[in-house]
Each structure stands twice: as structure tokens, then as C-alpha cells.
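1. coordinates for the following, if possible.
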Amino acid sequence: MAASRPESAADPFSTAPNTPLAGLDGLPSSEQVFTAARPTSYIASEVGGGSVINEGPSEADNVNDTTLGPIAADTPRSSVAGQTEPNAQFPSPDPTNTSLPEANEVLLPPRASFLAQAQTPETVSSPRGSVAYQQSTEGLNAATSLQKDEGTSALQPGAAEKPEGGLGFAEEAPAETSSPESGSSDVPQKRGPFFRRRFVLALLLLALVVVILAVVLPVYFVVIHPHQLTSSGNSTGGSGSGSGSGQIPTTGSPDGSTTGGNGSTVVTVDGSTFTYINPFGGYWVADPNDPFNNDARPNSWTPPLNTSWTWGKDKVYGVNLGGLFVLEPFIVPALFQKYPGSVDEWTLSQLMAADTANGGLNQLEDHYNTFITEQDIAEIAGAGLNWIRLPIPFWAIEKWDFEPFLEKVCWPYILRVFQWARKYGLRVNLDLHTIPGSQNGYNHSGKLGTVNFLNGVMGVANAERALNYIRIITEFISQPEWQPVVPVFSIINEALVGTIGQDQITSFYLRAHDMIRNITGYGEGHGPYIGIHDGFLGLENWADFLQGSDRIMLDTHPYFAFDGQTTYAPIATGLGLQAGGIWPQTTCNAWAPGINQSQTAFGVTIAGEFSTAYNPCGLYVLGVGNTESYGDSCALFLDSSQWNDTLKAGLMEFTLASMDSLQDWFFWTWKIGNSSTTNTVEAPLWSYQLGLQQGWIAKDPRTATGTCAALDVPESPFDGTYLSWQTGGAGAGTIVPSSVSSYSQYPPTSISGLTAGANQAHLPTYTPTGSPVPTLPPPTFSPQPPSSVTIGNGWYDSNDQALSPTEVAGCSYPDAWDAVSSPVPAAACPSTATATGGGAGIIVTPAAR
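-> This is a model prediction of the structure:
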């Protein structure tokens with residue numbers, strides 16, 4: 001599909017080399033942008049590894065600023081008169097030399113302060129046809145930035161900021177001071193020596209006092225003061241090997257502290273150490289005598305875990321931990337390169353299980369143990385982020401015999417991530433990423449193929465299993481030990497509603513809502529928010545959804561990379577406000593209005609996924625074997641070491657515009673693993689961690705605030721006020737009668753994917769009178785906490801005693817993962833069965849509020 005790589009040095013995806021685009025022709029509409037799935041199709045041909053062309057290092061890395069290298073070599077760095085050129089490497093303060101603010105001090109984002117300055121629009125020739133801003137060089141120190149002061153190394157406001165909107169942070173040179181002993185030689189010296197010595201001693205004493213205050217005050221506000229709210233202890237917890245036993249070891253810091261801030265040393269379970277870098281006022285807390293302590297805070301603008309999160313006021317700056325527990329080829333390519341023919345976790349598990357010489361399927365446990373470490377979680381907090389979205393598979397609970405997955409082994413590692421998140425003050429959006437039968441047919445659903453959830457002959461039966469797994473997870477995370485850490489449960493990732501049907505999925509969501517709230521109770525503080533995805537229909541199609549329901553939030557995953565384009569407008573077009581070509585402004589226009597409108601028409605709305613990828617380039621991004629994403633035309637985007645400052649500036653501005661548009665967001669994803677053929681990241685546009693390290697992701701996510709306004713995009717921002725029932729207040733749980741009458745019938749009155757004339761009453765179902773529910777076990781801590789600490793048993797609602805669904809003895813079932821084309825049985829089995837489905841034994845009348 002992709003055209004061959006053009007000769008233009010401006011951008012490999014330019015349709016007209018070196019020619020600025022005058023408008024937005026050829027770009028996707030708002031509806032197309034919102035309905036773009038991550039990948040919508042894959043080619044499952046057998047490929048052992050990508051054929052990757054690696055160009056040599058760019059000359060731009062070794063020459064002065066007038067040479068731009070292979071991208072945008074003839075694009076001016078700035079076309080705005082008087083525009084200050086950003087530093088090439090987007091300098092940021094050295095966090096190891098930066099003192100912390102007080103716990104209640106809020107650091108204002110640089111861009112927001114910049115927007116408060118007077119701006120004079122000047123019409124210029126711009127690649128995106130927008131209005132650029134020219135600003136006087138006077139008054140540039142009015143913006144708040146992170147600044148190093150040689151005397152105090154404190155975070156201080158008032159540093160000069162670049163007028164392009166804060167692509168970097170200013171670093172101020174220390175002021176010169178005069179020597180206390182300077183003076184003329186003709187001053188009378190009779191009493192001089194004595195007074196000079198006394199003066200010097202006084203200065204030394206004063207300096208000593210200053211040093212003591214500089215040390216004591218930060219320690220008090222970052223360590224002692226927060227710790228006064230916690231139980232005492234003598235070692236640090238939260239890290240561990242996460243063995244199959246579910247044990248989470250608790251290790252000590254060198255000085256035995258149970259809390260620490262910027263510059264503190266953290267000891268991991270294997271005895272290695274790292275320095276916690278957090279220039280934003282965050283501090284970790286881990287007490288082996290109180291393993292469920294929720295006093296930690298990731299930064300000064302995020303409430304600690306022991307304080308309520310206020311939707312509409314507090315902002316989600318999050319990342320996904322994709323590829324950790326649900327494997328995707330482009331995130332962990334080395335695993336798939338090792339086993340040619342693997343295209344999803346199903347085929348990978350089959351091939352890996354056969355490789356007994358190398359450990360078989362248990363090789364995955366090493367991946368769970370090493371891909372994301374405690375230091376990753378600490379770095380996430382230190383990057384100014386405050387949430388993680390954690391995709392997990394249903395086989396963390398169990399699998400059935402016909403499924404090849406490694407069951408239960410990842411659960412202790414999921415608990416370990418929960419505890420690390422708690423330690424660093426991060427909240428978790430727990431995402432059930434896979435559903436029995438596949439909810440979308442994508443490789444990240446467990447198996448590449450067809451949709452067999454609420455679709456086709458096994459659609460109802462698979463939905464029964466899904467409801468049971470949602471129930472089991474809800475029971476665990478609703479326990480008081482976990483509620484503050486996991487305030488959101490996204491119950492199905494990216495259901496392909498265009499195939500399933502919106503009425504059908506709405507009936508399922510109503511069923512799940514009633515089941516969950518029967519477990520948790522109703523209203524704020526009773527269990528998690530329930531996250532549902534927009535199903536690629538667009539946010540506007542979910543307006544007025546189940547009005548009166550209790551805390552359902554809507555999730556959208558906007559991507560340009562999967563909109564089906566074959567050519568992409570240039571992004572390496574300049575620096576500052578000229579960076580990013582049409583992409584930042586297009587993002588603001590396409591995404592911000594829908595998000596703002598949905599906050600009112602639906603309620604709480606988040607972007608559970610987005611990325612820096614404005615094109616589909618990256619190893620296996622479109623699936624194993626689909627070389628369109630890693631062929632010659634994409635070679636540059638497989639190797640970030642070749643990217644010059646102009647390209648990085650474009651990606652930075654595009655990402656900032658995305659963040660500003662989406663408001664509450666989770667970047668997909670934190671980390672991309674190395675390819676085994678090059679030992680480098682070959683899908684760099686998708687790695688937040690790599691972007692931070694190499695300069696196309698902002699060091700402070702608040703820098704994004706005001707990006708769309710700076711691009712002169714009209715805004716109608718949401719005012720932050722939700723209806724009471726939308727956030728668990730008055731009326732929550734009282735669903736309007738029209739919705740109840742329309743969607744309370746379950747299973748849905750019609751199931752898609754059946755042959756014409758099929759009798760839906762004959763669809764295969766499971767019985768809820770099978771085996772006991774496979775509960776999720778709590779962790780085992782090492783060392784053991786005091787007996788007074790309640791760990792829980794994994795089950796919140798003791799009144800929930802229904803059994804698990806299981807196959808009906810004597811009945812035959814088609815392939816649960818490939819039954820769309822199967823015939824509907826001629827009669828129900830057993831003969832007394834009816835297709836009630838949905839885990840009938842699970843749902844009871846919701847408890848009165």
C-alpha cells in the first residue's frame with residue numbers, strides 16, 4: 001500500500017517534495033480519526049524476522065545547526081521573524097541537582113504561563129496554513145520553568161522560556177558575586193585583621209546555617225513530613241521477583257528508610273540499587289509493616305493515593321504497560337522472531353510449548369519478570385505521569401483445555417505491578433485486554449482471526465465466560481486493600497462493535513454494570529469506575545448512554561497511523577510553532593471537539609491509547625509479515641538514531657497537541673523491546689520511554705497545556721463539571737426506564753454472525769452449575785507483615801456464591817474461537833436448555849442503596 005520512498009529529503013511521506021501543504025486535503029475526517037483501530041488487519045504470513053534497511057548515521061548529527069540531515073534538509077528552521085530557535089537537544093534541568101518543592105507547592109506548566117503573555121498574530125507562509133505567533137523578546141522571563149540555580153539547585157519560577165511554546169527548559173547561568181574580602185589597599189588596617197577574621201567566621205557560620213537549612217527543609221517536606229502519616233518501619237518494600245507462589249519480597253533501602261523523594265536510593269530484590277529521580281515533588285512509600293500504605297505521591301499536582309481523585313479537576317497523564325502480560329509482536333518482537341510462524345499469543349504459545357529444550361511455555365515467566373521492572377515504574381512517576389493502564393489477559397485467572405495460553409502464572413506479577421504502583425503513588429486503570437473467542441479478531445486479543453464474542457454461534461457462550469472473568473476481577477480489586485490503587489476497571493478492550501452491534505454490546509454492558517454494582521454497592525467509593533471502549537464508532541454515538549448508571553466512563557483510542565492512508569504529510573517542517581507541519585493543528589481540530597462534547601453528552605471520557613505514530617511505520621506494527629510497516633519506505637522510522645532535531649521537534653509538537661486535545665490520556669506504550677536482529681527498538685514512535693531519553697517526548701507532560709490555543713485552534717473546553725450520577729453522586733444506579741426496557745433483555749434479542757433462518761434459542765451455552773469459581777489469590781509478602789494487617793482473600797462480596805460456567809455434559813461445541821461460519825445446532829442441548837446465557841447464576845437483584 002505504501003508508495004516507494006520518495007527522493008525528497010524533506011520527509012519520506014511527502015506527497016509533493018519540499019512543497020508546503022496549503023490545506024488539509026487528503027487527511028481523515030474527524031469520524032475517520034476516531035474510528036481508526038490500532039491495527040484493523042494483519043497479514044499472517046510466516047516470517048522469521050523483518051527485512052530492515054538500516055541507513056548509516058546521519059551527517060546532521062556531526063555538523064552545525066545549518067545542516068539538517070536527511071529530513072527537512074532544505075526546510076528553514078524558522079519562518080517567523082524574531083522567533084527564537086530552540087536548543088537542539090531540548091535541554092531540561094538535571095534532576096539530580098534539583099531540590100524538591102514543598103509537598104503542597106504546585107509547579108506551573110511552562111506552556112500555560114507562556115500563553116498568558118501578549119501575542120501578536122502575524123500571517124506567514126506556513127506549511128500548515130495556520131497563524132504563527134511573533135513575540136517580543138521582552139518579558140520572556142514571565143513563564144514558569146524548571147531552572148537550575150547554582151547556589152540552591154532549587155526549582156524556581158521565572159526562568160526565560162522559549163517563545164515557541166516550551167520545547168525545552170531554560171537554564172540560567174549563576175550570577176557573579178563579589179568576594180567578601182574585596183577592598184582597597186589604603187583602608188586603615190589597625191583593627192582590620194581582627195575584624196576580618198570575625199567577619200570571615202560570621203560568613204562561615206552563616207554559610208553553615210544556609211547549608212543546614214538547604215538540607216533539612218527538603219528532607220522534612222519530602223521525607224519526614226509525608227512519613228508522619230505512615231506507620232513506622234525499618235525497610236523498604238514493593239519490589240520482588242514475583243515468583244509463581246505469589247510472594248512479593250520486601251527489601252530495605254541502605255539507610256532503612258520507608259519513604260524517600262528525589263535523589264533517594266532504592267534497593268531492589270536482587271540487591272541492585274537505583275537513584276529515584278523525581279524533580280516534581282513526588283515521593284515513594286513502602287513499609288513492610290504496612291504493605292497497603294497509600295501515602296505515596298507521584299508529583300505535587302496529583303493527590304496521594306489516600307486522597308480522592310476528582311474527575312474534571314485532576315488530570316490523567318498516563319502510560320500503558322503494553323506487551324507485558326498481553327504479548328504483541330511490535331512491542332516484544334524478539335519473542336516472535338525466535339519462533340517463525342508466530343503471529344499472535346496463540347501461535348506463539350503453541351510454538352513455545354513445543355520447544356521444551358528451551359523451557360517450553362515457562363519462558364514467558366522470564367518475560368513477566370524482566371520486561372517491566374521497579375525502576376520502570378519509578379521512572380514513570382519521575383516523568384510527571386500519574387496513572388498506568390495495565391492490560392491483562394483472562395488467562396491470568398484460568399484457561400480452558402483447548403486454549404494454549406500459560407494460565408495463572410502472570411497473576412503474581414500483576415500483583416507486583418500493583419504494589420509498585422502503590423509504592424510510587426500511581427493509580428491503575430486495569431484493562432481486560434483479551435476476551436474468550438476474541439472481541440475484535442486482532443492479534444492483541446489473544447488470537448488473530450474472527451470475532452466470536454457476542455457474534456456467531458459461540459458468541460453467547462463466550463460472553464458467559466467473559467462475564468465470569470469480569471466478576472472475578474471485580475471481586476478482587478473491590479477489596480479495600482486494592483480500591484485506592486485500582487480506581488478504574490476497563491472491562492473489554494476495543495470490542496469491534498461494528499461487527500457485534502451497538503445494541504448487542506449495550507445489553508452486555510448493562511448486564512455487566514448490574515453485576516459489578518451488585519458486588520461493590522452503588523455510589524462513589526464503592527468499587528471502581530467501569531471503563532467501556534467506543535468500539536470505533538466515534539464518541540458522538542455514545543451520547544446519553546445508560547443515563548443514571550453508576551460511574552461508567554468512555555474510552556477512545558484515536559490513531560492516525562491506522563486510517564488507511566498511503567501517503568502522509570511531512571512532519572519535519574521546522575522548529576517551535578513551525579514544527580510538525582499540519583499534524584499538530586489537525587490533531588487539535590480532529591480530537592479536541594469530540595472529547596469536550598463527550599464529557600457533557602456521555603460523562604467521564606478518557607483516551608486509553610494514543611501515540612506519537614502519525615504513520616504506521618515500525619517493525620510488526622501492522623502485524624508479523626505485513627512488511628508495509630517495516631519496508632524500505634519506512635526505514636528511517638525504524639531507527640531513531642538517525643532522527644535530527646527537526647524531526648524530533650515535529651514529533652514533539654504533534655505529541656503535545658495530542659495530549660492537549662485528549663486532556664485525560666494514556667500513551668501507548670511505555671516501552672518497546674529490542675529487535676533480536678538489530679538489538680535496537682524498531683518501532684520507536686510507540687515508546688514513551690525512548691522519546692523521553694532521546695528528546696521527542698516532553699520531560700513535563702503539563703507542557704502540553706495550551707498547545708492547541710497556541711496553534712490558533714478554536715476551543716470550547718469542558719468546564720470540569722459532571723452530572724451528579726456520572727461520578728457516583730445522587731441518582732447513580734437509577735438507570736432511566738427507556739434504557740432498561742430497551743437493553744435489559746439478555747442475551748440480546750438478536751446475535752450477529754448467524755446464518756439466515758438460524759434459531760437463536762438453539763445456540764450453545766454453558767451451565768453455571770459447574771466448578772467453584774477460580775478466585776484470584778492475594779499476595780504473600782516477605783517478610784510477613786504483622787498479624788494485624790488484613791491481606792484479604794481475593795473475594796470482596798461474600799454473598800456472591802454462584803458457580804462458574806462450564807460446558808454441559810453430553811453436549812458438543814464448535815471451536816469457540818472460530819465458530820462464525822459453523823451451523824447452529826438443530827436443537828438445544830440439553831433439550832431442557834434455553835439460550836438464557838450470560839452467566840444467569842451470576843446476576844441477582846442489585847442491592848438497595
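
2. show me where pLDDT drops low in this structure?
-> For the chain, applying pLDDT under 70 flags the ranges 1-247, 249-252, 770, 831-849.

3. what about 50?
-> 1-197, 199-200, 210, 215-245, 834-849 (pLDDT under 50).

4. can you classify the spatially closest residue to Phe336 that is not a sequence neighbour by secondary structure?
-> Closest residue to Phe336 apart from its sequence neighbours, by Cβ to Cβ, 6 or more residues apart in numbering: Pro329 at 4.5 Å. Using the backbone N, CA and C atoms, a C-beta is placed for each residue, glycine as well. What DSSP: H, G, I helix; E, B strand; the rest coil gives for Pro329 is coil.

5. contacts only, for Phe654.
-> Shown in contact with Phe654 (Cβ atoms under 8 Å, 6 or more residues apart in numbering): Ile571, Gly580, Trp583, Pro584, Thr587, Thr612, Tyr614.

6. I'd like those residues as JSON lines, with neighbour count appended.
-> Compiled in JSON lines, the contacts of Phe654 are given as follows (neighbours: other Cβ atoms under 10 Å):
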{"residue": "Ile571", "neighbour count": "28"}
{"residue": "Gly580", "neighbour count": "33"}
{"residue": "Trp583", "neighbour count": "26"}
{"residue": "Pro584", "neighbour count": "31"}
{"residue": "Thr587", "neighbour count": "30"}
{"residue": "Thr612", "neighbour count": "23"}
{"residue": "Tyr614", "neighbour count": "27"}
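
7. for the residue lying closest to Lys447 once chain neighbours are set aside, give me its contacts.
-> Closest residue to Lys447 apart from its sequence neighbours, by Cβ to Cβ, 6+ apart: Trp346 at 4.1 Å. Counting by Cβ under 8 Å, 6+ apart, Trp346 touches Glu403, Pro404, Phe405, Gly446, Lys447, Leu448, Trp817.

8. just the buried residues from those, in PyMOL please.
-> The PyMOL command for the buried members of these (criterion: 16 or more other Cβ atoms under 10 Å) is given here:
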select buried, resi 403+404+405+446+447+448+817
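
9. which of the contacts of Trp346 sits closest to Ile516?
-> Gly446 (22.6 Å; Cβ to Cβ).

10. for the residue lying closest to that closest one once chain neighbours are set aside, grab the count of nearby residues.
-> Nearest residue to Gly446, sequence neighbours excluded (Cβ to Cβ, 6+ apart): Thr434, at 4.2 Å. Thr434 is flanked by 27 other residues according to other Cβ atoms under 10 Å.

11. wait, what's in contact with Thr434?
-> Per Cβ under 8 Å, 6+ apart, neighbours of Thr434: Val326, Pro393, Phe394, Trp395, His444, Ser445, Gly446, Asn493.

12. how many residues are close by the nearest residue to the last one once chain neighbours are set aside?
-> Here the nearest residue to Asn493 in space, its sequence neighbours aside, is His433; by Cβ to Cβ, 6+ apart that works out to 4.5 Å. For His433, the tally of surrounding residues (other Cβ under 10 Å) stands at 24.

13. just the strands from the stretch 651-800 of the chain, written as ranges.
-> Using DSSP state E, counting those that start in this stretch, the strands assigned to the stretch 651-800 of the chain run over residues 665-667, 780-782.

14. dump the C-alpha coordinates for the helix or strand Gln597 falls within into PDB.
-> Using DSSP states H and E, Gln597 falls within helix 583-601. Output in PDB follows, covering the C-alpha atoms of helix 583-601 (Å, rounded to 0.1, in the frame of the first residue of the first chain):
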ATOM      1  CA  TRP A 583      -0.200  17.400  12.200                       C
ATOM      2  CA  PRO A 584      -0.500  19.300  15.500                       C
ATOM      3  CA  GLN A 585      -3.200  21.500  14.200                       C
ATOM      4  CA  THR A 586      -5.000  18.600  12.500                       C
ATOM      5  CA  THR A 587      -4.900  16.700  15.800                       C
ATOM      6  CA  CYS A 588      -6.400  19.600  17.700                       C
ATOM      7  CA  ASN A 589      -9.200  20.000  15.200                       C
ATOM      8  CA  ALA A 590     -10.000  16.300  14.900                       C
ATOM      9  CA  TRP A 591      -9.800  15.200  18.600                       C
ATOM     10  CA  ALA A 592     -10.400  18.100  21.000                       C
ATOM     11  CA  PRO A 593     -14.100  18.900  20.000                       C
ATOM     12  CA  GLY A 594     -15.200  15.300  20.300                       C
ATOM     13  CA  ILE A 595     -13.600  14.900  23.700                       C
ATOM     14  CA  ASN A 596     -15.100  18.100  25.000                       C
ATOM     15  CA  GLN A 597     -18.600  17.200  23.800                       C
ATOM     16  CA  SER A 598     -18.400  13.700  25.100                       C
ATOM     17  CA  GLN A 599     -17.600  14.900  28.600                       C
ATOM     18  CA  THR A 600     -21.100  16.500  28.700                       C
ATOM     19  CA  ALA A 601     -23.100  14.200  26.400                       C
END
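
15. what helices and strands are in contact with it?
-> helix 30-34, strand 552-556, strand 605-607, helix 645-662, helix 707-710 (3 or more Cβ pairs under 8 Å, 6 or more residues apart in numbering; DSSP states H and E).

16. and if we set it to 7 Å?
-> Helix 583-601 sits against helix 30-34, strand 605-607, helix 645-662, helix 707-710, with contacts defined as 3 or more Cβ pairs under 7 Å, 6 or more residues apart in numbering; DSSP states H and E.
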